[in-house]
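Participant: got a structure for you, letters missing:
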């Protein structure tokens, strides 16, 4: 699986929101500036994530977007699904007499790996990513500013 720009920007935006006191709200412009993302594209992604229930939009002069639930309750799989990212299923293997046992073993192996990858994406949360990034920054002796 390759994480596209769409998925990468979405994760960056929600990770940024997870760092805000009480989890937001933050304007699209603020998030885009901090994470070096194009604001119009980010706005479209946030709208999709709002429809999926991952973020809430707040109107007004101090409005913006904020997480709809805690970072520990938002998985990477949910984020990717919200913006239309998928893990491509394996092509169908023809069920013919000519198919050899080793082909079936290989296919079964790939199917199992595909399932485990999907399970992992739904078990990795924003909170996990946050702590991973903070650990890496600390190991590098970096300050606590956060850019994914």
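Facilitator: In hand now; what should we look at? For clarity, every value in this text was computed on a predicted model and none was experimentally measured.
Participant: C-alpha from now on. contacts and neighbour counts both.
Facilitator: Will do.
Participant: would you list every one of the strands in the chain?
Facilitator: In order along the chain, the chain carries the following strands (DSSP state E): 55-58, 64-67.
Participant: so which of the ones you listed comes closest to residue 5?
Facilitator: strand 55-58 (19.3 Å; Cα to Cα).
Participant: direction included, what does that closest one pair against?
Facilitator: strand 64-67 (antiparallel) (DSSP bridges).
Participant: show me where the chain dips below the pLDDT cut-off.
Facilitator: Confidence mapping of the chain against pLDDT under 70 gives the ranges 1-2, 87-102, 137, 142-148.
Participant: deepest-packed of the strands of the chain, please.
Facilitator: The highest mean neighbour count among the strands of the chain belongs to strand 64-67 (a mean of 23), with neighbours defined as mean count of other Cα atoms under 10 Å.
Participant: quick one: that one to chain centroid distance?
Facilitator: When distances are taken as Cα atoms, centre = their mean, to the nearest Å, strand 64-67 is centred 16 Å away from the chain's centroid.
Participant: any idea how far the helix ranked longest in the chain is from the chain center?
Facilitator: Selection of the longest helix in the chain by residue count, based on DSSP state H, yields helix 101-123. With Cα atoms, centre = their mean as the basis, the distance from the averaged C-alpha position of helix 101-123 to the chain average is 21 Å.
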